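Enquirer: Quick one: sequence plus predicted model below, questions after.
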Amino acid sequence: MDFLKLPVVRFSICVAVGILCSRFYTIQTPLFYWLPLVILLLATVYFVSRKQLIQNPFFALLTYLTFFLIGFADFQLQLPDFQDKNYVHFISEEKSSQLLQLKITESLKPDFYNNKFLAEVISIENQETKGKILLNLKKDSIVPNLVADDMLLVSGKVLNFEKPSNPDQFGYGEYLKMLGAFAQLKIDQQDIIKLKKGKPTLRGFALNIRRNIIEKLEKSKLETNERAIIQALILGERRDINTQMYKDYAAAGAIHILAVSGLHVGILFFILKFLFRLFRYSQYGKMFSAIAIILLLYGYALIAGFSPSVVRAATMFSLFIVADQLIKRPTNPFNTLFLSFLGLLLFNPMWLFHVGFQLSYAAVFSIILLQPKISNYYWPKNKFLKYYWNIITVTIAAQLGVLPLSLYYFHQFPGLFLFTNIIVLTFLVPIFCFGLFIILLAIINVLPNWLVAIYNEIILWLNTFIRFISKQQDFLFEEIHFSMLNLISVYLLIFSLFFLLNKISVNKMLFFFGSLAIFMGCLILDKKEVSNNELVIFQKSRSTLIGIKQNDILTVLKDSSEENIKDATFIKNYRIANGINHYSEEPLADFFKYNEKRFLILDSLGVYPNLGIIDYILLRNSPKVNLERLIDSLKPKTIIADGSNYRTYAERWQKTCEKRKVPFHSTYNNGAFVIK
């Protein structure tokens, strides 16, 4: 654990812990007001303690506290509550619409109905504001394609993000908050009052360059699927990759090549280093080449979308260049890694919660920590064997680092990842270089068709190979339940095992067995947590779905007309999150019991028997029923309306229930109804 002795590692951990605490434990007091006082106290203690022979541990504790508060305050500064000019403070609940001036900052992947953009809110009702918002523009709107730095004057109502309708469903609103957008706006063509070009920004300039490159590639003879791969591989643009192809790459364990990251930036770095090698022999050549490479790396990062993983790689290589060529000092890989980690978190603390950021740092950290140990077990003398041995050891080390995160976020493990990466990484460098050359020729409009045909065949071969690997279902382990407790305990166990194998000692053995005990305890707690029984009335438009969970068994009551329910996204997410091993479906009944509670399901006919007092009544398929008479007759404790009803009916029923003081739950407004 020698790397833990490095100051930058400890400071980075303190900042990360501060960000985590600020994210999950909200404090209304702005802690950044206290930072100057803490820093002043830290400076005082430092000047006093440096004259002492035996250092006061209070100085170290205060230093760690300072970096913890820096992380805590840095995250606070990103929240609207601590920004007086944030647009959320100027939203009017009374007005049906407000005038907003927006500046497009980024295009997002569209959904079935809307094109999506991130936009900066410049003003609301002529009041200067700031902050990002999600802009949803209906696809049927006849509006020129919006690009970065476009300015819009629109009329609309700012809306909060809708919470997930069903348990364990992906929270798109929470994801967007980590991108800095805390509300959304839904508009169509008639809501746009004015559209014009805004003042160019560096990020907007880079994104528009990427858009222009993509437009030129679209005009070439590149096939659709092959063009989508080159856009993802080199430009970081994945929106044109179809769903099946994306699933194939994920199943084959090669999804990382479709996201511009350290691997791609590393290839570009060595290309630039080769191209600028002659400048190193002149008087100021090293400085010129170092500055030029750093600028080109960050320029590429901007064009590739400035994602956390590509920024991490550009920052690390930049630090390496500065240390190697400018200040001529040997570099410690852990120092470089954690210095970039610290710098990026201070720049944008929200990145700590990005999956790409976490996977990127986990992979690099694991490679630095584990790859040298793994490679020492075998030393091939042949250059050819040595090259492939390096690929194998790097792949294994990286996979060990990201495996727990991959299981937690994606719930699958590609068993053929090693074979896939040996083949793909062998040809990735020439494919990447060839793709760069194709793009450069396309930019200057001299891209010959015969060259496009060659590249089409290469990418077609790659896609065919990936598709073949993905079809080997026996080697793909899917729907793996893996909780946060599992994630933390597995990482603790991996690190304890590494330190034990590195050098056996009594303390390390105690650490390992302690980690093993924690891991077993987490497994038991997780098993107990998912073993609870519950009934869920899911929210699904035009459908009625009732899930009854008993330990690891899930039974779904549904209409006979409903198909493929098991693989519906929200059902699949629920099954994985709750460790469901046995699944079955049964037809809906008009009446059933659950935990001695009596359920009546009233369908479109609106006919119900006199069954005495009913605990729960579920209204489905918009029954034409006199609700007041129903309440008087059956005296229900709760009335539920699911997504199979008309919204207007549900709103009318809610008013009736409020009048009669009967609890009412609409899955439209309140999400799934759950009984433990």
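Expert: Perfect, thanks for sending it. Here the structure is a predicted model, which means the values were calculated and not measured.
Enquirer: lowest average confidence, helix or strand, in this structure?
Expert: Ranked by mean pLDDT, DSSP states H and E, the weakest helix or strand in the chain is helix 35-49, scoring a mean of 70.
Enquirer: low-confidence ranges in this structure?
Expert: 1, 29-35, 42, 45-56, 141, 280-283, 324-330 (pLDDT under 70).
Enquirer: same thing but at 80, please
Expert: 1-4, 26-60, 140-145, 259-262, 277-286, 323-331, 377, 501-503, 560-564, 606-612 (pLDDT under 80).
Enquirer: quick check: domain ranges of it?
Expert: Domain assignment of the chain by automatic domain parsing yields the ranges 2-77, 88-199, 204-253+416-478, 262-353, 359-414, 484-530, 534-675.
Enquirer: Start and end of the last one, how far apart?
Expert: Which is domain 534-675. Taking CA to CA, to the nearest Å, the first and last residues of domain 534-675 lie 6 Å apart.
Enquirer: all helices for the stretch 301-450 of the chain, in order.
Expert: 308-321, 333-347, 355-375, 383-410, 417-443, 449-470 (DSSP state H, counting those that start in this stretch).
Enquirer: and those as a markdown table, adding mean neighbour count and distance to Pro587?
Expert: No exception for glycine: its C-beta is placed from N, CA and C like everyone else's. Listed next are those as a markdown table, based on neighbours: other CB atoms under 10 Å; distance: least, CB to CB, whole Å:
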| stretch | mean neighbour count | distance to Pro587 |
| --- | --- | --- |
| helix 308-321 | 23 | 48 |
| helix 333-347 | 20 | 53 |
| helix 355-375 | 20 | 39 |
| helix 383-410 | 17 | 34 |
| helix 417-443 | 17 | 42 |
| helix 449-470 | 16 | 35 |
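Enquirer: Out of those, flag the one nearest Lys527.
Expert: Proximity to Lys527, assessed across those by CB to CB, is greatest for helix 383-410 (16.2 Å).
Enquirer: Chain neighbours aside, what residue packs nearest to the most centrally placed residue in the chain?
Expert: Centroid check for the chain by CA atoms, centre = their mean gives Val355 as the closest residue, at 4.2 Å. Distances taken as CB to CB, 6 or more residues apart in numbering put Tyr409 closest to Val355, at 5.5 Å, once the chain neighbours are dropped.
Enquirer: can I assume that neighbour is in contact with Phe353?
Expert: No - contact between Tyr409 and Phe353 fails when scored by CB atoms under 8 Å: they sit 11.6 Å apart.
Enquirer: about what we covered before: so can I have a markdown table of the helices of the stretch 301-450 of the chain showing distance to Val9?
Expert: Putting the helices of the stretch 301-450 of the chain into a markdown table (distance: least, CB to CB, whole Å) gives the following:
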| stretch | distance to Val9 |
| --- | --- |
| helix 308-321 | 15 |
| helix 333-347 | 5 |
| helix 355-375 | 10 |
| helix 383-410 | 16 |
| helix 417-443 | 29 |
| helix 449-470 | 37 |
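Enquirer: Nearest to Asp111 among those helices would be which one?
Expert: helix 355-375 (19.6 Å).
Enquirer: distance between the closest one and the chain's centre?
Expert: Using CA atoms, centre = their mean, to the nearest Å, the distance from the centre of helix 355-375 to the centre of the chain it belongs to is 19 Å.
Enquirer: could we number from 18 for the rest of this?
Expert: All set: I'll call the first residue 18, so the last point we hit is now helix 372-392.
Enquirer: Which neighbouring elements make contact with it?
Expert: With contacts defined as 3 or more CB pairs under 8 Å, 6 or more residues apart in numbering; DSSP states H and E, helix 372-392 has these neighbours: helix 279-292, helix 325-338, helix 350-364, helix 400-427, helix 501-519.
Enquirer: List the contacts of it.
Expert: Contacting residues not belonging to helix 372-392 are listed as 20, 276, 278-279, 324-326, 329-330, 333, 350-351, 354, 358, 361, 368-369, 406-407, 410-411, 413-415, 417-419, 422-423, 426, 515, 518-519 [CB atoms under 8 Å, 6 or more residues apart in numbering].
Enquirer: on that earlier part again, ok, which of the helices of the stretch 318-467 of the chain comes nearest Pro217?
Expert: Shortest distance between Pro217 and these, using CB to CB, is found for helix 434-460: 19.1 Å.
Enquirer: now the angle between helix 400-427 and the closest one, please.
Expert: 90 degrees (axes from the mean of the first three to the mean of the last three CA atoms, to 10 degrees).
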